[in-house]
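Asks: need a 3D model of the following:
(one chain, ligands or ions: 2)
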Amino acid sequence: MNRQRKRIVVKIGTSSLILPNGKVNLRTIDRLAYTLSTLCNDGHEVILVSSGAIGAGLASAGYTSRPTEIAKQQALAAMGQMELMRIYSQRFLDYQTKVAQVLLTRDVLTFPISRQHVLNTFEVLLSQGVVPVVNENDTVAVDELDHHTTFSDNDELSAMVAVHLNADLLIVLSDIDGFYDQNPNQVADAKLIPEVKELTPTMKAAAGGSESGLGTGGMFTKLRAAQAMMEAGKQMVLCNGKNPTYILDVVAGKKIGTKFG
Ligand SMILES: Nc1ncnc2c1ncn2[C@@H]1O[C@H](COP(=O)(O)OP(=O)(O)O)[C@@H](O)[C@H]1O
Ligand SMILES: N[C@@H](CCC(=O)OP(=O)(O)O)C(=O)O
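Replies: Ligands and ions are numbered 1, 2, ... in the order given. The predicted model follows:
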C-alpha cells in the first residue's frame, strides 16, 4: 500500500459517546462522521470500533444507571446498538459515506476459519470505501462475563482488529487527553506522557480503572491494547475524543495525546 494512504482503526469509548446526563453526544458523533469521511475522501481506509451500545440503550430504555445484572446489560446493548447504528448511518450519510455493522466476539477472531471470513468481509467493505463500525457482539459475548461488574472491552478488540487487518495505526479516543504517570482524576499534578516506546512496570501500575460509570476497562485495557500494537510493530495513539477532528492532526503526524510505539 502507498504509505500516503493508510489503513486506520479508530476506537471510541462510551465516555466520549454518552454525555454525563445520559444523552448521546451528537456533537462528537457529527465530528467523528465528518473526520472519518474526510479521511476516506483523502484515500485512507478507515475502521471504526465503537462502544456505547449499553450507554445508548440506557437512554432509550429510560434507565438512570447501568444495571448490574448481565442479561439486563445485554438487553440494553441489543437496544442501544440499533440506536447507535441509526445515528452513525444518518450522520455519515451527511458526508456521503456508507457504514456497515460488524459485531464480533473474541473467539471469532481466534479460530482461523471464522477469522478468515471476517477478514474477507472487511477487505470487501474497505475496497468499496465503506466504514465498518465494529462492536463486540454483546448478546453472545460471555467470555468476559465472569467479572460480573464489567461486561466486555473494546480497547483490546480494536487492537486485535488492527493487528489482523495489518492497519498502520490505531487511534483510541477517550475522555482523557492521554496516558498520565498517575490517574489524573485522583492526582492533581499527574503528568501526561507524550511518548511510550516500552511499557514499564511503573507505567502499568499507574493505569487505573474507569470512573465514569459507563466506560469499562479504564487505562488498564488501553495499555493492553497498546502492548498488542507495539508487539506487532505498530503504533497506537491515545487522545481525547471530545473533539474527534484531532484525528486529522494525528494522521498528519502532529504530537497529540500519547503515542505508543
Ligand atoms: N494513568 C492514567 N492516565 C489516564 N487516565 C487514567 C489513568 N488511570 C486511570 N485512568 C482513567 O481511565 C479513564 C478512561 O477509561 P474509560 O473510562 O474506560 O474510557 P472509555 O469509555 O473511553 O474506554 C479516564 O477517564 C481515567 O479516569
Ligand atoms: N460493547 C460495550 C462496550 C464495551 C467497552 O469496552 O466500553 P468502553 O470501555 O467504553 O470502550 C457497549 O457497546 O456498550
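
Asks: how about low-confidence regions in this protein?
Replies: 1-3, 141-152, 212-216 (pLDDT under 70).

Asks: who are the packing partners of the longest helix belonging to it?
Replies: Looking across the chain with DSSP state H, the single longest helix is helix 70-93. Judged by 3 or more Cβ pairs under 8 Å, 6 or more residues apart in numbering; DSSP states H and E, the packing partners of helix 70-93 are helix 26-41, strand 45-50, helix 53-61, strand 99-104, strand 131-136. Bear in mind the C-beta positions are built from the backbone N, C-alpha and C, glycine included.

Asks: can I get these in a markdown table including mean neighbour count and distance to residue 219?
Replies: As requested, these are arranged in a markdown table below (neighbours: other Cβ atoms under 10 Å; distance: least, Cβ to Cβ, whole Å):
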| stretch | mean neighbour count | distance to residue 219 |
| --- | --- | --- |
| helix 26-41 | 19 | 20 |
| strand 45-50 | 25 | 17 |
| helix 53-61 | 23 | 19 |
| strand 99-104 | 18 | 23 |
| strand 131-136 | 23 | 19 |
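
Asks: dump those to TSV, plus distance to residue 243.
Replies: What follows is the helices and strands packed on helix 70-93, written out as TSV (distance: least, Cβ to Cβ, whole Å):
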stretch	distance to residue 243
helix 26-41	6
strand 45-50	16
helix 53-61	19
strand 99-104	21
strand 131-136	19
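
Asks: out of those, which gets nearest to ligand 1?
Replies: Of all the helices and strands packed on helix 70-93, it is helix 53-61 that lies closest to ligand 1, at 8.7 Å by Cβ to the nearest ligand atom.

Asks: between the closest one and strand 131-136, how many degrees?
Replies: Counting by axes from the mean of the first three to the mean of the last three Cα atoms, to 10 degrees, helix 53-61 lies at 90 degrees to strand 131-136.

Asks: hang on, the earlier thing: now the longest helix of the chain and helix 26-41, what's the angle there?
Replies: 60 degrees.

Asks: if you look at helix 70-93, does any of it touch ligand 2?
Replies: Yes: using Cβ under 6 Å from any ligand atom, we find that helix 70-93 touches ligand 2 at residue 77.

Asks: near ligand 1 at all, that helix?
Replies: No: Helix 70-93 is not in contact with ligand 1 by Cβ under 6 Å from any ligand atom; minimum separation 13.8 Å.

Asks: quick one: buried residues of that helix?
Replies: Using 16 or more other Cβ atoms under 10 Å as the test for burial, helix 70-93 gives 70, 73-77, 79-81, 83-85, 87-89, 91-92.

Asks: quick one: which helix or strand includes residue 11?
Replies: Element membership for residue 11 (DSSP states H and E) is strand 7-12.

Asks: and for whichever helix or strand comes after that strand, what's in contact with it?
Replies: Per DSSP H and E, strand 7-12 leads on to helix 14-17 as the next helix or strand towards the C-terminus. Residues outside helix 14-17 that contact it (Cβ atoms under 8 Å, 6 or more residues apart in numbering): 24-25, 28-29, 50-52, 54-56, 84, 173-175, 210, 212, 214-216, 240-242.

Asks: for the closest residue to residue 56 other than its chain neighbours, what are its contacts?
Replies: In space, and not counting its chain neighbours, residue 56 is closest to residue 80: 3.5 Å by Cβ to Cβ, 6 or more residues apart in numbering. Taking Cβ under 8 Å, 6+ apart, we find residue 80 in contact with 52-60.

Asks: fine by me, thanks again.
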